[in-house]
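Trainee: Got a sequence here, can you build the structure:
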Amino acid sequence: MELPTLASDVEAFIQELPKVELHVHLEGSMQPATLLELARKHGVADVPGSLEEVRDWYAFRDFAHFIEVYLASVHTLVDEEDFAVLTADVAARLAAQNVRYAEVHVSLYAHLMRGVPARTVFGGIEAARAEAERRHGIRLRWVPDFPGDYGVHTGEQTLDAVLAEGPESVVGFGMGGVEVPFAPMAELFGRARAAGLRSLPHAGENGGPERVREALDLLGADRIGHGIDSMRDPELVARLSEEAVPLDVSPTSNLRTGAVAQLWEHPLPRMVEAGLTVTLNSDDPPMFGTDLSNEYRTAAQLGLGAPGLAALARNGVAGSFLADSAKRVLITEIDTVLAGHAPNL
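Mentor: Numbers count the residues shown, from 1 in each chain. Below is the predicted model:
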């Protein structure tokens, strides 16, 4: 089953719609040209030698291959300039899609384990963040994370580094990787929350609804990364709806990783119908062959009309950690764009 082609009026609406991105990975946003540039700079092996070859290599094959590409991107980041180059490109590409604000996951532990100090990571991304705000008007905030399946000690090292070196633009503490039981992480996330960081774990992409419950009950999750497995548990769905816990959903990512077999089977429409607070996100855009605008196209192809797309955009604003005054401004802009396009949609 193929998804329908969108009308030009819907495309125009999506492009003009002010957007917020709450689940996108910095390292997973590295474009092929940047990877090649940094690989050449540092003599990183096992990276194809031409841009055309790198682009072919980026094409998603399976999850193991995705991890190979992701780790290659990580290993090309060595000094502050590298992190600044990557961040500047990511910010410019987001701004070109009319993304006004983004909370970006940073694989901090992946750099710490290679001997790259946290101050190097933060120094580079902060310099580019400030310049991007001046140049493009986009605001970026950071969510350092660690792979939960590597053990709680990796999270402890990551949090220690964040508390020692993290700038004010760090808004949350995240956990990705394979979804293992979360009980060992409870004290760690309690410490992060006590320090003022928001709890932002990945849960319920393919680990079942029980991981989502644990994220809420044990980790005090402020938002859930993915969360699509929640639809397998009606009681959990009712709870998420009642508590209005945002679920940061990434349809193309879910397809690529095998969390859904076919894009048209994605539960996004059912999640919206069930009253869940769904936000739309791109996760690892170039490595999954997407970007945030494309995720809005996908949502439209899955049956959401312009009011539904605008609602997703509002959810992103509401679920963010922007100041209330900034949220009101963005929501007003979203409503204005919707009203302006309504006669043609």
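Trainee: From residue 13, how far out is the closest residue to residue 138 other than its chain neighbours?
Mentor: Nearest non-adjacent residue to residue 138, counting by C-beta to C-beta, 6 or more residues apart in numbering: residue 95, 4.4 Å away. For the C-beta atoms, the positions are set from N, CA and C on the backbone; glycine is no exception. Taking C-beta to C-beta, to the nearest Å as the measure, residue 95 falls 18 Å from residue 13.
Trainee: out of the two, which sits in the busier spot?
Mentor: The neighbour count for residue 95 versus residue 13, taken as other C-beta atoms under 10 Å, is higher for residue 13 (24 against 18).
Trainee: Let me know the average pLDDT across whichever helix or strand the more buried one is part of.
Mentor: Using DSSP states H and E, residue 13 maps to helix 8-16. The average pLDDT within helix 8-16 is 93.
Trainee: burial count for residue 329?
Mentor: Neighbours around residue 329, by other C-beta under 10 Å: 15.
Trainee: can you check residue 36 too?
Mentor: Residue 36 has 21 neighbouring residues, counting by other C-beta under 10 Å.
Trainee: just residue 273 next, same as before
Mentor: For residue 273, using other C-beta under 10 Å, the count is 11.
Trainee: gap between it and residue 241?
Mentor: From residue 273 to residue 241 the distance is 11 Å (C-beta to C-beta).
Trainee: same question, residue 117
Mentor: Here residue 117 is placed at a distance of 43 Å from residue 241 (C-beta to C-beta).
Trainee: Residue 69 too?
Mentor: Distance, residue 69 to residue 241, by C-beta to C-beta: 37 Å.
Trainee: Same drill for these two, tell me which one is more crowded.
Mentor: residue 69 (23 against 15).
Trainee: Helix, strand or coil: sort out that one for me.
Mentor: Secondary structure assignment for residue 69 (DSSP: H, G, I helix; E, B strand; the rest coil): helix.
Trainee: if I look at residue 118, how far off is residue 197?
Mentor: From residue 118 to residue 197 the distance is 14 Å (C-beta to C-beta).
Trainee: for residue 188, same thing?
Mentor: 11 Å.
Trainee: Next: residue 203.
Mentor: Distance from residue 203 to residue 197, by C-beta to C-beta: 17 Å.
Trainee: between the two, which one's more packed in?
Mentor: Legend: neighbour count by other C-beta under 10 Å for residue 203 and residue 197, higher for residue 203 (30 against 22).
Trainee: Can you point out the buried residues in the stretch of helix or strand residue 92 belongs to?
Mentor: Residue 92 is part of helix 80-96 when elements are defined by DSSP H and E. By 16 or more other C-beta atoms under 10 Å, the buried positions in helix 80-96 come out as 80-91, 93-95.
Trainee: Stretch 295-314 too?
Mentor: By 16+ other C-beta under 10 Å, the buried positions in stretch 295-314 come out as 295-302, 304, 306, 308-314.
Trainee: try stretch 197-216
Mentor: By neighbour count with 16+ other C-beta under 10 Å, stretch 197-216 contains the buried residues 197-205, 207-216.
Trainee: quick one: low-confidence parts of this protein?
Mentor: Along the chain, the model assigns pLDDT under 70 to residues 1-2.
Trainee: for the closest residue to residue 78 other than its chain neighbours, what are its contacts?
Mentor: The shortest distance from residue 78 to any non-neighbouring residue, by C-beta to C-beta, 6+ apart, is to residue 42 (5.4 Å). By C-beta atoms under 8 Å, 6 or more residues apart in numbering, the contact list for residue 42 reads 76, 78, 82.
Trainee: same thing with residue 205?
Mentor: Taking C-beta under 8 Å, 6+ apart, we find residue 205 in contact with 179, 225-229, 254, 257, 259.
Trainee: And residue 292, by the same measure?
Mentor: By C-beta under 8 Å, 6+ apart, the residues touching residue 292 are 19, 21, 24, 94, 97, 99, 280-282, 285.
Trainee: distance of the residue lying closest to residue 226 once chain neighbours are set aside from residue 183?
Mentor: With sequence-adjacent residues excluded and distances taken as C-beta to C-beta, 6+ apart, residue 226 is closest to residue 205, at 3.7 Å. Noted for residue 205: a distance of 19 Å to residue 183, by C-beta to C-beta.
Trainee: do the same with residue 39
Mentor: Residue 39 is 40 Å from residue 183, by C-beta to C-beta.
Trainee: quick one: which of those two has more around it?
Mentor: Higher neighbour count among residue 39 and residue 183: residue 39, with 20 against 12, using other C-beta under 10 Å.
Trainee: That one contacts residue 69, doesn't it?
Mentor: No - if you go by C-beta atoms under 8 Å, residue 39 and residue 69 don't touch, sitting 11.7 Å apart.
Trainee: Mind listing what's buried along the strand or helix carrying residue 279?
Mentor: According to DSSP H and E, residue 279 maps onto strand 277-280. Using 16+ other C-beta under 10 Å as the test for burial, strand 277-280 gives 277-280.
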